[in-house]
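# Sharing a model that was predicted from the sequence below.
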Amino acid sequence: MTTTTPSDVRPDPPHSPDDRSLTAFGYRQELHRSLGRYASFAAGFSFISVLTTVFQFFAFGYAFGGPVFFWAWPAVLLGQLMVAACFAELAARYPISGAIYQWSSRLSNLTFGWFAGWIMVIGQIVVVAAAALALQMVLPAIWSGFQLVGTDPAPTSADGAANAALLGVVLLALTTLVNVLDNRVMSVINRVGVTAEIIGAVLIVVLLLTHSERTPGITFHTEGAAQSGLLGALLVGSFTAAYVMIGFDSAGEMSEETHRPRRTAPRTILTALGAAGLLGGLIVLGGLLAAPSLTDGRLAVDGLSYVLTSSLGDGVGKVLLADVVVAIAVATLAIQTAACRMLFSMARDRQLPFSARLARVNPRTGMPTAPALVVGVLAAALLLLNFASPEAFLAIGTTCIVMLYLAYAMVTGPLLVARLRGRFTTDGTDGTDETGAPLFSLGRWGVPVNALALVYGLLMAVNLAWPRAAVYDPAGGHWYFQWFTVLFLVVTVAAGVAYRVRKARSTLPVEAVAPA
C-alpha cells in the first residue's frame, strides 16, 4: 500500500516501538500517539454510549416488542461479543487507523477491503447524524425551552423531528470544532465524558431497581406490543440492542494514537462492549420495572426520560438526564472521530477523491482537519431529512446499523476464509505484543466463534433492513422510507462502483494489498 506523509512528522516519542510497528506496514507516524488504556477504552465506550443509545431507542423497542423486547438484549450482546473477539485478534495484528478497511483489505484484497471501508465510513457518517438526533429525547424533558420548533417534543411528531434536526446541527458544529483541535483535548473530553456516563449509568440502574413497581417476570409478556407474535416482537425489539452495541471497533480505529496498541486495543475493544452491554441491559430492565405504567402509552412514546422524571421526581430525574446530554455529546464526538480516522486511512492510500487533502495531518495538532469538516457537513445534511418527515428519525437510525453490520461481516467473512485456509498469521510479528506477552488469540475456538459471528451479523443485517411497512412507514404514503435502508445501501454501493471504475480508467492499476 502506498502512503503520502509530510516530512515534518513528529513521532511521540521518537523511534518508539509503537512507531516502528507502524513503519512495518509502510506508514510513518503522523497522528500524535498520546492515548493510554483508559482513553482507548473511552473511544470504544463513548461510540457505543449506552446512555445515548438506550434513551434514544428504548421507546421504539418497547412500542414494537413490549416488555419481552428485553430478551433481545442478551442475544445481541452474545452475537456482538463474538464479533468483538474476532476484532480483538485483528487489532493485535494490525494496529492501524481505518481498522475495518485495513483488516478487510489485508485478509482479502484491496478492492473488497475498499468496499468494506466505503460502506463503513458512510455508515459512520449516518451514525453521527443519528447520535446527534438523540438530544431531542432528553433536552426538552429537562427544560421546555429547548423545544425551539413548535410545541410537541415527541421525535415522531413533525415539531419534534424538526427540533431534533436543529439541536443536532448545533451539536455537530461543536464536535467538528473539537475534532480539529489537538487530540489531547479530544482525549480529555472523551475520558471525562465516559467517566460521567459510567457514574450516571450506575446511578440510574440503582435508582430504577430500587423504585421497582413490578417483578422481572414482566419481561416474559408481550402485552401492548405493536408487532404480533413472540418472534416478531423479538426481531423488531432487537433494533434497540443492535443500535446500542456497535462501534466497539473504535479502539482499533485509534490504534495509531494509542501507546502499546497491540496489547491495549484488543482488551479495550472487549471491555468497552462488555461494560456497555451489562449497563445497558440493566438500564432496560430497570426502566421496565420502574415505569409508572406499562399500558398508558407514554413508555412507547417518551421512553426512559418519562420513567426517570416520573419515578424519581423532577429534581433527581433531570440531573440524571443532564448526564445523558453529556453522554450524547461525547458519543457524537467519538463517532465523528472514528469516521475521520477511516477517511484519513483510505485517503492516505490514495483511495478516495481529494485524497491529498483528506490525508493531510496538521503537524501541530496531530489531527486530520479536512475529514472532520467533511463528516460534520455530511452528517448535518442528513439531519435535514427530519424536516421532511418524522419517519426519517427511524430510517436514519436503522440504516446506520445495517451499514455497520455489513461492514463488520466484510471483515469476519474474509477472516473465516483465512482461518480455514491456514493463512491467518501474526503478519510479520514474532507473535508477541509490545510487552513480550503473546498476542490476543482465540486459539482453537477461532473457527467456531468466527463462523457464528459471521452468521449472526448477516442474519441481523437482513432483519434490520427488512422493509416492514408497519415499522418504517406506519402512517403510509412514504414508500421511500419503508425501503430507505435498502435504497441507501444500493446507492452507496453504486456510487462506490462508479468511483472505482472511473479511477481504474484514469490511473494505473491499483496496487493490491498482500493477504495475511
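Yep, that arrived.
# Next, find the distance separating the closest residue to residue 47 other than its chain neighbours from residue 332.
Nearest non-adjacent residue to residue 47, counting by Cβ to Cβ, 6 or more residues apart in numbering: residue 247, 3.1 Å away. (Each C-beta comes from the backbone N, C-alpha and C, glycine too.) Distance, residue 247 to residue 332, using Cβ to Cβ, to the nearest Å: 12 Å.
# Show me the shaky parts of this structure.
Filtered on pLDDT under 70, the chain yields the residue ranges 1-20, 224, 393, 425-430, 507-516.
# My read is that the residue nearest to residue 47 contacts residue 338, right?
Yes: using Cβ atoms under 8 Å, residue 247 is in contact with residue 338, at 6.9 Å.
# Mutual contacts of those two, please.
Residues touching both residue 247 and residue 338 by Cβ atoms under 8 Å, 6 or more residues apart in numbering: residue 47.
# quick one, which of these two is more surrounded?
residue 338 (31 against 27; other Cβ atoms under 10 Å).
# host element of the more buried one?
Secondary structure assigned from DSSP states H and E places residue 338 in helix 314-348.
# gap between that helix and the chain center?
10 Å (Cα atoms, centre = their mean, to the nearest Å).
# Centre of the chain to stretch 312-330, how far?
22 Å.
# Give the buried residues for that stretch.
312, 317-318, 320-321, 323-330 (16 or more other Cβ atoms under 10 Å).
# Kindly format the C-alpha coordinates of it as CSV.
What follows is stretch 312-330, C-alpha atoms only, in CSV (Å, rounded to 0.1, in the frame of the first residue of the first chain):
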residue,chain,number,x,y,z
LEU,A,312,-37.5,9.7,40.7
GLY,A,313,-39.1,13.1,40.7
ASP,A,314,-38.2,16.1,38.5
GLY,A,315,-35.1,17.1,40.5
VAL,A,316,-33.2,13.8,40.5
GLY,A,317,-34.6,12.8,37.1
LYS,A,318,-33.4,16.0,35.4
VAL,A,319,-30.0,15.8,37.0
LEU,A,320,-29.6,12.3,35.5
LEU,A,321,-31.0,13.5,32.2
ALA,A,322,-28.3,16.2,32.1
ASP,A,323,-25.7,13.4,32.4
VAL,A,324,-27.4,11.8,29.4
VAL,A,325,-26.9,15.0,27.5
VAL,A,326,-23.1,14.8,28.3
ALA,A,327,-23.1,11.2,27.0
ILE,A,328,-24.8,12.2,23.8
ALA,A,329,-22.3,15.0,23.1
VAL,A,330,-19.3,12.8,23.8
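# How about residues contacting that stretch?
Against stretch 312-330 from outside (Cβ under 8 Å, 6+ apart): 46, 49-52, 55, 131-132, 134-135, 138-139, 141-142, 171, 174-175, 189-190, 193-194, 196-197, 199-200, 203-204, 207, 211, 305, 308-311.
# Can you flag the buried ones in the residues you listed?
46, 49-52, 55, 131-132, 134-135, 138-139, 141-142, 171, 175, 189-190, 193-194, 196-197, 200, 204, 207, 211, 305, 308-311.
# Go through those residues and flag which are in helices.
Mapping these onto helices (DSSP state H) picks out 46, 50-52, 55, 131-132, 139, 141-142, 171, 175, 189-190, 193-194, 196-197, 200, 204, 207, 305, 308-311.
# that older thread, switch the buried residues of stretch 312-330 over to CSV; also include distance to residue 26.
Below are the buried residues of stretch 312-330 laid out as CSV (distance: Cβ to Cβ, whole Å):
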residue, distance to residue 26
312, 55
317, 53
318, 52
320, 48
321, 48
323, 43
324, 43
325, 42
326, 39
327, 38
328, 38
329, 36
330, 33
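# And the residues you listed, which is closest to residue 406?
residue 328 (25.4 Å; Cβ to Cβ).
# Relative to residue 80, how far out is that closest one?
The gap separating residue 328 from residue 80 is 21 Å, by Cβ to Cβ.
# Tell me the secondary structure at residue 299.
coil (DSSP: H, G, I helix; E, B strand; the rest coil).
# Spatially nearest residue to residue 480, not counting backbone neighbours?
Closest to residue 480 by Cβ to Cβ, 6+ apart is residue 487, at 6.8 Å.
# so what's residue 472 closest to, chain neighbours aside?
Nearest to residue 472 is residue 482, by Cβ to Cβ, 6+ apart, at 4.5 Å.
# Surely that neighbour is in contact with residue 470?
No: between residue 482 and residue 470 there is no contact under Cβ under 8 Å: 9.5 Å.
# quick one on the thing from earlier: state the number of residues packed around the residue nearest to residue 472.
Neighbours of residue 482 (other Cβ under 10 Å): 20.
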